[in-house]
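# Coordinates for the following, if possible.
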Amino acid sequence: MSWRHVIDAFELLDDPSVDGRAVAAHLRSAGAEEVVVQTIKGDKGTTDFIRTVIPGSHGRRIGGTAPTLSIVGRLGGLGARPEQIGFVSDGDGALTAIAAAAKLAVMHERGDVLAGDVVIGTHICPDAPTRPHDPVPFMDSPVEIEDMNKHEIDLTADAILSVDTTKGNRVVNHNGFALSPTVKQGWILRTSEDLLAIQQRVTGRLPVVFPLAMQDITPYGNDVHHLNSILQPATATSAPVVGVAITTETPVAGSATGATDLRSVESAVRFCIEVAKDFGRGGVSFYDRTEFDRLVSLYGEMTTLQTSGRAS
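Okay, the predicted model is just below:
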């Protein structure tokens, strides 16, 4: 179970003075040895990007061949101060990532070492701005999506789980977490049966999948509606990406406080850890390689959807 790590991470992040150094100290105290913090300034403020690596017994960090999993905690900010007081719903992605990192670090220190390396990245901003969005307001970020992708994604990873609060919509009406179909190089592929099986065993319920439109997997800034930023990592990598969406039955604004359901977060943390266990030892596939190659041979590359598109 990951309850202790979820609660400790929530208490740490629900603080107007929290920064990357405090989170790095928390992870190091859990046993993480490789933790990097970088402060980035944007037009709307600053944030601290944090990345940690939990090495595997057969991971590439020591010259092994086990695949690497990247877990990205995607968000605009942990708080919307001074407009809002306290931890906002949008912070659930970072909360999940930090709790998962701490649990994996403790496991590693105790001797439960996964086969493959796991790279966890997110950013720490307690006072992010907000912006309008339909049907409820979004949290904004002090930095651009390109900065997030650059500092949160490990381009050597073989697969990515992107965890994000996904409550400001009417297309997935479920308390807990939902998965996306796999997205790879502009293709929306079938949902991974292996990941659905893990979701089912972690929750004890039928798996939940949220729908994607083509525009949801295109980069921000093209003036079309996006569900949210959960699939933005797919615009910056050739690896398969799956969204892990923290969801609710009714639309909840990302800037809403008091909206974090720790049960949903804890189940998402366990899901990420179980995927990391199975992926490193070759027991999980994010997509069917043969079928993907067949699609490309029949219909061509879709990588244009990873770009800003044609100039008008």
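
# Show me where this structure has its helices.
Using DSSP state H, the helices of the chain run over 3-13, 20-30, 92-110, 145-152, 193-203, 262-280, 289-299.

# Can I get those in CSV including mean neighbour count, mean pLDDT and distance to Asp117?
The C-beta positions use only the backbone N, C-alpha and C, and glycine is treated the same way. Formatted as CSV, these follow (neighbours: other Cβ atoms under 10 Å; pLDDT from 0 to 100; distance: least, Cβ to Cβ, whole Å):
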stretch, mean neighbour count, mean pLDDT, distance to Asp117
helix 3-13, 19, 98, 20
helix 20-30, 18, 98, 15
helix 92-110, 26, 98, 11
helix 145-152, 19, 91, 16
helix 193-203, 18, 98, 19
helix 262-280, 23, 98, 8
helix 289-299, 11, 98, 21
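
# So which of the ones you listed is nearest Ser308?
Comparison of the helices of the chain against Ser308 by Cβ to Cβ identifies helix 145-152 as nearest, at 10.5 Å.

# What is the closest one packed up against?
Judged by 3 or more Cβ pairs under 8 Å, 6 or more residues apart in numbering; DSSP states H and E, helix 145-152 is in contact with strand 34-42, strand 45-54, strand 69-74, strand 118-124.

# For the residue lying closest to Asn149 once chain neighbours are set aside, give me the pLDDT.
Distances taken as Cβ to Cβ, 6 or more residues apart in numbering put Ala236 closest to Asn149, at 3.8 Å, once the chain neighbours are dropped. For Ala236, the pLDDT comes out at 96.

# Tell me who's in contact with Ala236.
Neighbour list for Ala236: Glu146, Asn149, Lys150, Ile153, Leu155, Gln306 [criterion: Cβ atoms under 8 Å, 6 or more residues apart in numbering].

# Touching, the second one and Thr235? I think so.
Yes: counting by Cβ atoms under 8 Å, Asn149 does reach Thr235; the two are 7.0 Å apart.

# Now tabulate the helices and strands packed on helix 145-152 in a markdown table and tack on distance to Pro16.
Rendered in a markdown table, the data for the helices and strands packed on helix 145-152 read as follows (distance: least, Cβ to Cβ, whole Å):
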| stretch | distance to Pro16 |
| --- | --- |
| strand 34-42 | 17 |
| strand 45-54 | 13 |
| strand 69-74 | 19 |
| strand 118-124 | 12 |
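
# Kindly state which of these is positioned closest to Thr247.
That would be strand 69-74 among the helices and strands packed on helix 145-152, by Cβ to Cβ, at 14.2 Å.

# mind listing what the closest one pairs with, with the direction of each?
strand 118-124 (parallel), strand 159-165 (parallel) (DSSP bridges).

# As JSON lines, those strands with distance to Phe271 would be great.
Below are these laid out as JSON lines (distance: least, Cβ to Cβ, whole Å):
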{"stretch": "strand 118-124", "distance to Phe271": "13"}
{"stretch": "strand 159-165", "distance to Phe271": "8"}
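
# In a markdown table: the ones you listed, plus mean neighbour count, mean pLDDT and distance to Ile273.
Compiled in a markdown table, the strands paired with strand 69-74 are given as follows (neighbours: other Cβ under 10 Å; pLDDT from 0 to 100; distance: least, Cβ to Cβ, whole Å):
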| stretch | mean neighbour count | mean pLDDT | distance to Ile273 |
| --- | --- | --- | --- |
| strand 118-124 | 29 | 98 | 9 |
| strand 159-165 | 28 | 98 | 10 |
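
# Which one of those lies nearest to Met139?
The closest of these to Met139 is strand 159-165. By Cβ to Cβ, the value is 8.5 Å.

# quick one: that closest one to helix 92-110, angle?
130 degrees (axes from the mean of the first three to the mean of the last three Cα atoms, to 10 degrees).

# coming back round to it: wait, which of the helices and strands packed on helix 145-152 is closest to Ala256?
The nearest among the helices and strands packed on helix 145-152, by Cβ to Cβ, is strand 69-74 at 17.4 Å.

# Let me know the average pLDDT across that closest one.
For strand 69-74, mean pLDDT is 98.

# can you list the residues that contact that strand?
Against strand 69-74 from outside (Cβ under 8 Å, 6+ apart): 93-98, 100-101, 116-123, 148, 152-154, 157-164, 229-230, 232-233, 239, 272, 275-276, 279-280.
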